[in-house]
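1. below is the sequence, then the predicted model.
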Amino acid sequence: MKLGIIMLLCNDMEKDFEKKRSFGFDNCQLVCWDHSMMTDENAAQVNAAVKKYGMEITAFWCGWSGPSVWNLMEGPQTLGIVPPEYREMRIAELKRGADFATKIGVKNVITHAGFIPENPSSPEYREVVEAIKEIAVYFKETGHNFLFETGQETPVTLLRTIEMVGTGNLGINLDPANLILYGKGNPIDALDVFGKYVMGVHAKDGCYPTCGTDLGCETRIGDGKVNFPAFIKRLHEIGYDGSLTIEREIEGEQQMIDVMESVKFMNDIIGGLDA
C-alpha cells in the first residue's frame, strides 16, 4: 500500500501536479464536480502533467449537478441518483465522466450513488438498481469500473446492490470516515461484508453523529474514530495493495499541514505491517 492525495480538476493542472509531487506524492484521485471542466484541452493538460511529474491517477471522482445537502434529513432527497427528479440528468453526467476518464487513461470512476434504500422489495430500491445497471453497462462498454463511495448506505445494502446489478465491473471506494460520519457502520467490520469489492480507499477520519439530523464531524487523521492500525491491518489481510488516498475536507493552509502530518501517521502504520 502507498499513499496518494485528492486533487481537483482545475485550469492549471501543471502547477497543482508540480506542488503535489514536491510533497512526495506519486499518485492521486482526480475529482471533478464542474462538468464544464471536462474538456479535451483539460484532458491534454492532465496527460502532459502526469507524464512530466511521474504521477498516477488511480481513479476519477465524478460529481453531478443539482442540489446537494450533506446531512441526514435532506440528503436522501438530494444526493446521487436516488432522487428520481435528478436521476436521468445525473446518469448522463456520470456517463460523460466515464468519457472524460477515457481521455485521461483512467479505468476506475467513483461517485456517491446516494442513500440507497434499505428495503430490497421496495419499488424505490428496484428503480435505483436499474439506474445503477444502466450506468454500469455503459461503463463496461467503455472499459471502466464503477466504484461506489461509501457512507450513505449500510455495508450490506451496498453488497446486495452490487450483487443484484451483476455486471462484474462494480467496486467500492471505501471511505472509512464516511461510514462513521453517516452512522452507517464500522469500517473494519465492513471489510468482512464487502472487502472483496474494495478497489480504492480514502484515508480520512471523523466522528459519529451526535444528533439525528447532522453528520458527524470530519477530523484530521488520528483525531477521529477510525482505528487506523486495525483498519490498515485488515486491508492487508484481505490482500488490498492499492493506494490509500489522503483526504482532508478543509480549505486553506491548514489542509496541507494536516495532510503532511497524516503522511507520517500513516507511514508509521504501513511500515509496521511486516514487522
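-> Yep, that arrived.

2. where does the chain dip in pLDDT?
-> For the chain, applying pLDDT under 70 flags the ranges 274-275.

3. which residues of the stretch 151-275 of the chain fall in helices?
-> Secondary structure of the stretch 151-275 of the chain, counting by DSSP state H, counting those that start in this stretch: helices at 155-165, 176-181, 187-194, 228-237, 253-271.

4. the stretch 1-150 of the chain now?
-> 13-22, 40-53, 75-78, 84-103, 123-141.

5. in terms of secondary structure, what does the last one contact?
-> Taking 3 or more CB pairs under 8 Å, 6 or more residues apart in numbering; DSSP states H and E as contact, the helices and strands that helix 123-141 lies on are helix 84-103, strand 145-149, helix 155-165. Where C-beta positions appear, they are placed from N, C-alpha and C, glycine not excepted.

6. take the ones you listed and lay them out in CSV including mean neighbour count.
-> Listed next are these as CSV, based on neighbours: other CB atoms under 10 Å:
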stretch, mean neighbour count
helix 84-103, 18
strand 145-149, 24
helix 155-165, 19
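
7. just put those in CSV and tack on distance to Lys2.
-> Formatted as CSV, the helices and strands packed on helix 123-141 follow (distance: least, CB to CB, whole Å):
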stretch, distance to Lys2
helix 84-103, 21
strand 145-149, 18
helix 155-165, 25
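
8. for stretch 211-230, which positions count as buried?
-> Neighbour-count burial for stretch 211-230, counted by 16 or more other CB atoms under 10 Å, picks out 215-221, 224-226, 228.

9. distance between the ends of that stretch?
-> Taking CA to CA, to the nearest Å, stretch 211-230 runs 27 Å from one end to the other.

10. tell me the most buried of the helices of the stretch 151-275 of the chain?
-> helix 176-181 (a mean of 26; mean count of other CB atoms under 10 Å).

11. alpha carbons only: can I get that one in CSV?
-> Output in CSV follows, covering the C-alpha atoms of helix 176-181 (Å, rounded to 0.1, in the frame of the first residue of the first chain):
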residue,chain,number,x,y,z
PRO,A,176,-13.8,4.7,6.5
ALA,A,177,-14.7,8.1,7.9
ASN,A,178,-17.8,8.3,5.8
LEU,A,179,-19.2,5.1,7.3
ILE,A,180,-18.7,6.7,10.7
LEU,A,181,-19.9,10.2,9.8
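
12. and that helix, what other elements does it pack with?
-> Using 3+ CB pairs under 8 Å, 6+ apart, helix 176-181 is in contact with helix 187-194, strand 198-203, strand 205-206, strand 218-219.

13. let's have the ones you listed in CSV, adding distance to Leu94.
-> Output for the helices and strands packed on helix 176-181, formatted as CSV (distance: least, CB to CB, whole Å):
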stretch, distance to Leu94
helix 187-194, 21
strand 198-203, 16
strand 205-206, 26
strand 218-219, 25
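
14. reformat the helices of the stretch 1-150 of the chain as CSV; add distance to Gly183.
-> As requested, those are exported to CSV (distance: least, CB to CB, whole Å):
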stretch, distance to Gly183
helix 13-22, 32
helix 40-53, 36
helix 75-78, 12
helix 84-103, 24
helix 123-141, 20
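
15. quick one: which of those helices is nearest Gly185?
-> Gly185 lies closest to helix 75-78 among these, at 16.4 Å (CB to CB).

16. just the C-alpha atoms of the closest one, please, in CSV.
-> These are the backbone C-alpha positions of helix 75-78, laid out as CSV (Å, rounded to 0.1, in the frame of the first residue of the first chain):
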residue,chain,number,x,y,z
GLY,A,75,-29.5,14.2,1.9
PRO,A,76,-31.9,11.3,0.9
GLN,A,77,-33.9,13.7,-1.3
THR,A,78,-30.9,15.5,-2.9
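
17. from the chain's centroid, how far away is it?
-> Chain-centre distance of helix 75-78: 18 Å, with CA atoms, centre = their mean, to the nearest Å.

18. before we move on, what about stretch 90-103?
-> 16 Å.
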